[in-house]
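Peer 1: Provided below are the primary sequence and the corresponding predicted coordinates.
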Amino acid sequence: MYNMRYIWSISLVAAMGGLLFGYDWVVIGGAKPFYEEYFHLASAFQIGWAMSSALVGCLLGSVVFFGRII
């Protein structure tokens, strides 16, 4: 009825995406003191933008990739 190999493949890709996204946040959080000093980030807005730019990059990358598939 259902192709179980396909379902497991989709599930594995989704799980790995979540795992790697969490790992990415840990790496960014660990590097935070270093890039704040290097880029001279002082305001809460600058620090917040630097932290959230990973999300923006993920969003733009997925939109570009999805656009290439269609």
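Peer 2: Good, I have the coordinates.
Peer 1: from the chain's centre, how far out does the helix or strand G61 falls within sit?
Peer 2: Applying DSSP states H and E as the criterion places G61 in helix 44-69. Helix 44-69 sits 7 Å away from the centroid of its parent chain (CA atoms, centre = their mean, to the nearest Å).
Peer 1: and it, what does it pack onto?
Peer 2: helix 4-38 (3 or more CB pairs under 8 Å, 6 or more residues apart in numbering; DSSP states H and E). C-beta coordinates here come from the backbone N, C-alpha and C atoms, glycine included.
Peer 1: any idea of the mean pLDDT for the helix holding G61?
Peer 2: Averaging pLDDT along helix 44-69 yields 85.
Peer 1: ditto for stretch 32-41
Peer 2: 92.
Peer 1: Then stretch 15-23?
Peer 2: For stretch 15-23, mean pLDDT rounds to 86.
Peer 1: Convert it to CSV, retaining C-alpha atoms only.
Peer 2: Only the C-alpha atoms of stretch 15-23 are listed here, as CSV (Å, rounded to 0.1, in the frame of the first residue of the first chain):
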residue,chain,number,x,y,z
ALA,A,15,15.2,14.0,11.4
MET,A,16,18.8,14.8,10.2
GLY,A,17,17.7,18.3,9.2
GLY,A,18,16.4,19.0,12.7
LEU,A,19,19.5,17.5,14.3
LEU,A,20,21.9,19.5,12.1
PHE,A,21,19.8,22.7,12.6
GLY,A,22,20.2,22.2,16.4
TYR,A,23,23.9,21.6,16.0
